[in-house]
Structures are given as structure tokens and as C-alpha cells.
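Trainee: Need coordinates for the below:
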Amino acid sequence: MPKPLRIVMSIGVALLGALAVATIALRRGEQINAMWLVVAAFCSFAVGYRFYSKFISAKVLALDEQRATPAERLENGRDFVPTNKWVVFGHHFAAIAGPGPLVGPVLAAQFGYLPGTLWVLAGAVFGGCVQDFVILLFSIRRDGKSMTEMAREEIGRVGGFVAYLAVISIIIILLGATALIVVNALKSSPWGTFTIAMTIPIALIMGLYLRRLRPGKVLETSILGFVLVMLAIWGGQWASQTASVARVFTLTSPTLAILIILYGFAASALPVWLLLAPRDYLSTFVKLGTIALLALGIVALRPTLHMPALTRFVDGTGPVFAGSIFPFAFITIACGAISGFHSLIASGTTPKLIRRESEARMVGYGAMLAESTVAIMAMIAACVLQPGTYFAINSPAGVVGQAPEVAAATITAWGFPVTAAEMHSLAQAVGEQTLFNRTGGAPAFAVGMAHIFSNSLGGQAVMALWYHFAIMFEALFILTILDAGTRVGRFMVQDALGHIWKPLGRTSWYPSIVATSALVVAAWGFFLWQGVKDPVGGINSLWPLFGISNQLLATVALCVATTIIIKMGKARYALVTLLPLGWLVSVTFTAAWQKIFDPHPRIGFLAHARNLAASAPTHEASRLIFNDRLDAVVTGFLLIMVVLILLESTLECAKVLSGRKQPGVKETPFVTSRFAMEEQG
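Mentor: Next comes the predicted model:
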């Protein structure tokens, strides 16, 4: 394409995106079309990828096609495996796109569509994508080392030790909470369980096909995987309607917990090409395919956003969760804008698969943009519902009342009309007994998605099919977090134990692989099991820490990235990571402080504990008081850990900037890539 034409197209896309964002931000008192959100997202992300990621690639990171990656230099057939860039993209996207981009925007929609949408657009382009990209490249240039190892080498031993404690604590909380979401999504759901179960043997077939039978034939493998996964989705519906099969795949929470724990161990211990990478690539078909269909449905229907731009709950009295827009909208929407968990994948499995440095841009920056598109679709799915319906689904019984008539009257009194009869009809349409008090975000997303699909593909007669497909779709998103997260945790444990006894740190030594995989799975599996057996125990007791933990992890990642950029002698470009770091520090520290000390019992842990203590003492109340105090202590501990990392990082950067220490980083020595030599030859 001629350069003048490219310039004209770029200007056109930028102007169209600016018009869409202005329409979203400035329209008041009238409903807008969901198309504006889609246009704003695609244009903003296209401009961000075309220009901002290219600037970071050239000026900040200086990607080098001639430099061999650890996948090439350290290839061992298990963890370090040079992999086709599209398969790596699929793996990375599937691994980072968990429950966050689906449920976070849905929950934050209680403030209206505007705050969450603007945060996703700006947070992704200038924060989340940047974090994923720079951490991925820095890990590639350090033999695929984990973020905690990079912190130890570049910030200092104290910073590295503190980062390790903080990150390993956070990852156990995140994996345990994520596993519980999977259990709750799949229990008593033969359709979802059958389809998810089938993705495992399909992934094994794809892995063997691409590695042994037809090496390098990615298109053939993709077609095979697509056909098989479509059959698995159809088979899930058949399984749910066939009594004898449905009994086999209708599992209880404890059974699902055991199976998920076993799967996490297998995904961590087996070679990455056999299960993890192909299954994540396979999941990407369903994820991106469904989101593409959703986007086409929005284009075809051009549905109206019934949720206002800003609701009355911007004052912090929201029924879905208490707290004001700042900081809680930016904690609730993590994945889709910026998520600390991504930094673990970017410094865990993915850098060990990248064939060429140039592919880090597409994988690191591009996969995050794909996830942010998912978040925009989730916001649309929530906001096309009538506000009364949205709040009826997402508000807990303790806020609106247990009886449908009482809940409907409470929500109507807020100015969002809804009736118990309307909710009953909607529940029947999607094949549920009731939709009142279905908190957590996932059911509301499924209803919104079913509403869009049923109006564009099949009509109201198939709304129940689309609703249950959406529930399965969400479970597929969530499960991929577990396999990649467990493997990343294993790498971290191996890195740490390698300082005690070197063989334990070798990712190719099988006894170390099995032992460290078992340790990580046992850690989050214990909290999962306790949470399944006890509604107020195990991971349930740490659930309120999910959002803050994730964003504190992003703070650590950006702190490490900023330190490395300054030590590279590129302080003039440090604002690329320093600005999102400063924003996250203000958000996470404010949120953590409020969660510990806020006097409102729906916000502050200690206030809620005092409120329970003042009521009639019961055994359950005593346990909830313990949970609140535990959450306050753990939040304080994580906050102190992050403060220590920030302080040591600041001191290290000050030494370099003042000239007391020469710039320099601990990268792996340059080795010429054989792939580059083959191309030249």
C-alpha cells in the first residue's frame, strides 16, 4: 500500500475513534447505540497498536531480529520450545483472558457504561498492553526468567525476596479464587462439563499432530481443532439432553474440585507442546470466534445501551459492591485494562515459546488488545439489559431482599423499574428457575450475550441455548488461567529452590518438575478444597482480596519494568511505564487503605467485623469476623511488601540517575539466531 494512502487511512481511523469516544463521553440524557463502543474500541486499539506499540518496539526495547531467543537457545522439548507465532498468540491470549474481562466490566456497569469503557480504552493502550509487552521482552532477554528473579537481579536481593513473597502469595490467592469460579460455573452443568472435558483430548490430538505427525502445519491443525471443538460444543448440548450421559457429566462441587486439581498438575508437568499450548490455542478459537460473532450481532442489531452513562451509584452506595468510582472501578476492572496476572504469564510460559524477538509485539501488546475487546463486549452485554433487570440479577439478597416482589420493589424505588413477573419470564426464557440475586457478573453477562445472539441468530426460541453456551464460554475462559498460572507458579518455585540446590532450579529436570508442580497445586488446591467444603472457609475467606491483589501485582511488574528501562540508560523513555505505575500506586493504595480502615461496614474489613461483633454472637458470625480480620492483615502485609519494593526500586534508580552507579542490566549475552541466518541464507 502506498505511504500516502496509509497516512490517510491512519488519520481517518484516528478521527473516527475520536468521534466515537467523544460521543460516548459527552452524550447525556439520551440513550446511545452500542455501535459507538465497538467503533471506539477498534479504532483506539488500532491506533495504539500501529503507533504506540511500534514506538515502544523501536525506541524503548529495540527489538532485534538477529538475537536468538531462549526458546531457540535452550530448546528442551518440554518448556523451551520454538513455537509458531499464532500458536503462541493463542496460548498467551487464552492464558491471560480469564474471568476478569468478562465479569469485571459487568460488575462495574453499576456506575454506568462511561467509567468502565473509558478505563478499558485508556488503561489497555497505555497500561495493560505496555506492561505485558515490556515484561515479556525483558524475560525473553533473561532466559525466560520469572518476574521475581528479574526483581532480584535488577532491583536487589531485598527487593527480589520481598517480590517473591508478595507474588507467590498473590498467585495462590488468584489461582484458588479462579478455580472456585470454575467449580461454581460447571457444577450441575453437563453441557459445560462435557465440552470443557473434551477440549483436553482434542488439545492432546492437536499437540501430537503439530509436533509429530505434521510438523509446522499450523493451518491444518487449526482446521482440525476448530472442527473438533465445534463438535464438542454440539456434543455438550446432546449430553445435557441425554439422561444417561447427563448423569455422568453432572458433577458435584467436590468432584469438580478434585478433577480441576488433577488437571492443573498435569498441565504443569506435561511438556508444553503436548497439552498447555494446544489447549490454549484451541480455547482461542472459541473465545475470539464468539467475540467476533458478538461484534457482528451488535453491528447487525445496533442495540441500544439502556444503562445510563452515569448512575446514581457513583456516590459509592452501589448494590453490586460498595465504594466510589475512584478507586473501585479501577480495581473491579483489572483484566481488560491492566492486570498483574498477565505479567506472570509474560515472564513464565510465553517467553519460553517465542521464536523471534519481533513476535513479542504481536503476542505481548496484541493479545492484551484482544482481551480488552472482550471487556468492551462484556460492558455492552451488561448495558443492553434494562437497568432494572441488571440490578435484579447482580444485587445480593442482603441488599435488595430475598423475595422477588421485595427485590423488585426495592430496585424500582431506586428509579430502575422492574417487576417480579418480568424477571420470572426472563428466567424461563433462558432455562433457569430464577435470575434474582445471581451475583458475580457471569450470569448477567450470559443473559446479555443470549439477548444479543437470540435477536440476531435464531430468535427468542433459542435464548436458553445461547444462555447456556455463554456459561460454558465463561468456564472455558476461566480454566485456561489455571493451567498457565500453575506452570508459572512452578517456574517461580524452581527459581527460588535453585538458589538452595541447583538441580531443583533446572526446568528440564523431571523430578524437580513433578515436585514443584505438586507444591503449587497443593497450595491453591488446599484453599479451593476448603472453599468448596465450607461456604465461609478456604478461598472464600480470601475472596475479597482478589481485585486488590491483582492490581498490586501489576504495580510490582511496572516497578520492575521501570527500573530496568532506567538501568538500560533509557531514562528519557521511562514515562512509558512510570505513568501507569504512578496511577496504579494511587489506585491500589487508596483501595487497600479503604478496605482496611473505611468506617462503612460494606467497604472496610474492620468495620464489618465490628458490625458483626455488635450483633448477636453466632458460630458463623465468629468465623466471618475472623475472615474480615484475616483479610485486613493480609491486605496490610501485601501493601507493606509492595512499599518495600517501591522504595528499593526508587533507590536503585536514583543511584543510576545521579551517576553513583553505572547504567547496566543483567541480560543474557547476545547470540545470533539461526532462524535469522537461515532467512539470510
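
Trainee: buried ones in stretch 219-227?
Mentor: 221-222, 224-225 (16 or more other C-beta atoms under 10 Å). In this view, the C-beta of every residue, glycine as well, is placed from N, C-alpha and C.

Trainee: swap in stretch 575-590?
Mentor: Those would be 576-578, 580-581, 583-585, 587-590, for stretch 575-590 by 16+ other C-beta under 10 Å.

Trainee: try stretch 176-196
Mentor: 176-187, 189-196.

Trainee: so of these, which ones are in helices?
Mentor: Counting by DSSP state H, the part of these found in helices is 176-186, 190-196.

Trainee: And the helices in the stretch 101-250 of the chain?
Mentor: Remark: helices assigned in the stretch 101-250 of the chain by DSSP state H, counting those that start in this stretch are 113-123, 129-140, 147-154, 157-186, 190-208, 218-241, 243-249.

Trainee: tell me what the first one is packed against?
Mentor: On a contact count with 3 or more C-beta pairs under 8 Å, 6 or more residues apart in numbering; DSSP states H and E, helix 113-123 meets helix 3-26, helix 35-47, helix 100-108, helix 325-332, helix 367-383.

Trainee: between the third one and helix 367-383, how many degrees?
Mentor: In this case it means helix 100-108. 30 degrees (axes from the mean of the first three to the mean of the last three C-alpha atoms, to 10 degrees).

Trainee: what angle do helix 100-108 and helix 157-186 make?
Mentor: 80 degrees.

Trainee: Dihedrals phi and psi, Ile354?
Mentor: phi -60, psi 130 (degrees, to the nearest 10).

Trainee: same thing with Asp143?
Mentor: phi 60, psi 30.

Trainee: count of neighbours near the closest residue to it other than its chain neighbours?
Mentor: Nearest residue to Asp143, sequence neighbours excluded (C-beta to C-beta, 6 or more residues apart in numbering): Pro70, at 4.7 Å. Pro70: 22 surrounding residues under other C-beta atoms under 10 Å.

Trainee: so what's Pro70 up against?
Mentor: 80, 140, 143-144, 351-352, 668 (C-beta atoms under 8 Å, 6 or more residues apart in numbering).

Trainee: Could you identify which of the helices of the stretch 101-250 of the chain is most buried?
Mentor: Of all the helices of the stretch 101-250 of the chain, helix 129-140 carries the top mean neighbour count, a mean of 28, counting by mean count of other C-beta atoms under 10 Å.

Trainee: what mean pLDDT would you report for it?
Mentor: Averaged across helix 129-140, the pLDDT comes to 97.

Trainee: That helix to helix 35-47, inter-axis angle?
Mentor: Going by the same axes, to 10 degrees, helix 129-140 makes 30 degrees with helix 35-47.

Trainee: Mind giving me the packing neighbours of helix 129-140?
Mentor: helix 147-154, helix 340-346, helix 359-360, helix 367-383, helix 546-567, helix 575-597.

Trainee: Quick one: closest of the helices of the stretch 101-250 of the chain to Leu259.
Mentor: helix 190-208 (8.4 Å; C-beta to C-beta).

Trainee: Could you check how far the closest one is from the centre of its chain?
Mentor: Here helix 190-208 shows a centroid-to-chain-centroid distance of 21 Å under the convention C-alpha atoms, centre = their mean, to the nearest Å.

Trainee: Repeat that for stretch 152-164.
Mentor: 25 Å.

Trainee: Equivalent analysis for stretch 422-435, please.
Mentor: The answer for stretch 422-435 is 29 Å, by C-alpha atoms, centre = their mean.

Trainee: again, but for stretch 468-483
Mentor: 12 Å.

Trainee: Repeat that for stretch 522-539.
Mentor: Worked out by C-alpha atoms, centre = their mean, stretch 522-539 lies 21 Å from the chain centre.

Trainee: now the end-to-end length of stretch 64-76.
Mentor: End-to-end distance for stretch 64-76: 23 Å, by C-alpha to C-alpha, to the nearest Å.

Trainee: in that stretch, what's buried?
Mentor: Counting neighbours by 16+ other C-beta under 10 Å, stretch 64-76 gives 67-72, 74 as buried.

Trainee: Repeat that for stretch 357-377.
Mentor: For stretch 357-377, by 16+ other C-beta under 10 Å, it's 357, 359-377.

Trainee: what are the C-alpha coordinates of it, in CSV please?
Mentor: In CSV, the C-alpha atoms belonging to stretch 357-377 read as follows (Å, rounded to 0.1, in the frame of the first residue of the first chain):
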residue,chain,number,x,y,z
GLU,A,357,12.0,-11.1,19.3
SER,A,358,9.9,-9.3,16.8
GLU,A,359,7.0,-11.6,17.6
ALA,A,360,6.9,-10.2,21.2
ARG,A,361,5.0,-7.1,20.0
MET,A,362,2.1,-9.1,18.4
VAL,A,363,1.9,-11.5,21.3
GLY,A,364,2.5,-9.1,24.2
TYR,A,365,0.8,-5.9,23.1
GLY,A,366,-1.6,-7.5,20.6
ALA,A,367,-3.1,-10.3,22.8
MET,A,368,-3.9,-7.8,25.5
LEU,A,369,-5.8,-5.7,23.0
ALA,A,370,-7.8,-8.8,22.1
GLU,A,371,-8.6,-9.2,25.7
SER,A,372,-9.6,-5.6,26.0
THR,A,373,-12.0,-6.1,23.1
VAL,A,374,-13.6,-8.9,25.2
ALA,A,375,-14.0,-6.4,28.1
ILE,A,376,-15.8,-3.9,25.8
MET,A,377,-18.2,-6.7,24.6
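
Trainee: Please identify which helix or strand holds Gly415.
Mentor: In the assignment (DSSP states H and E), Gly415 maps to no helix and no strand.

Trainee: chain center to stretch 473-491, what's the gap?
Mentor: Counting by C-alpha atoms, centre = their mean, stretch 473-491 comes out at 10 Å from the chain centroid.

Trainee: Can you check which helix is longest in the chain?
Mentor: helix 619-658.

Trainee: Rounded mean pLDDT for that one, please.
Mentor: On average, helix 619-658 scores 90.

Trainee: where's it relative to the chain centroid, distance-wise?
Mentor: Counting by C-alpha atoms, centre = their mean, helix 619-658 comes out at 22 Å from the chain centroid.

Trainee: picking that back up, looking at the helices and strands packed on helix 113-123, which is nearest to Val418?
Mentor: Closest among these, once you apply C-beta to C-beta, is helix 367-383, at 15.0 Å.

Trainee: Among the buried residues of stretch 64-76, which one lies nearest to Leu657?
Mentor: Nearest to Leu657 out of the buried residues of stretch 64-76 is Arg67 (C-beta to C-beta; 27.3 Å).

Trainee: Looking at strand pairing, list the partners for that closest one.
Mentor: Counting by DSSP bridges, Arg67 is bridged to Thr672.

Trainee: how much space between it and Met677?
Mentor: Arg67 sits 12 Å away from Met677, going by C-beta to C-beta, to the nearest Å.

Trainee: swap in Val642?
Mentor: Counting by C-beta to C-beta - Val642 and Met677 are separated by 44 Å.

Trainee: again, but for Ile380
Mentor: Taken as C-beta to C-beta, the span from Ile380 to Met677 is 48 Å.

Trainee: cool, and Tyr467?
Mentor: Taking C-beta to C-beta, one finds Tyr467 at 54 Å from Met677.

Trainee: From the neighbour counts alone, determine which of the two ranks first.
Mentor: The neighbour count for Tyr467 versus Met677, taken as other C-beta under 10 Å, is higher for Tyr467 (25 against 11).
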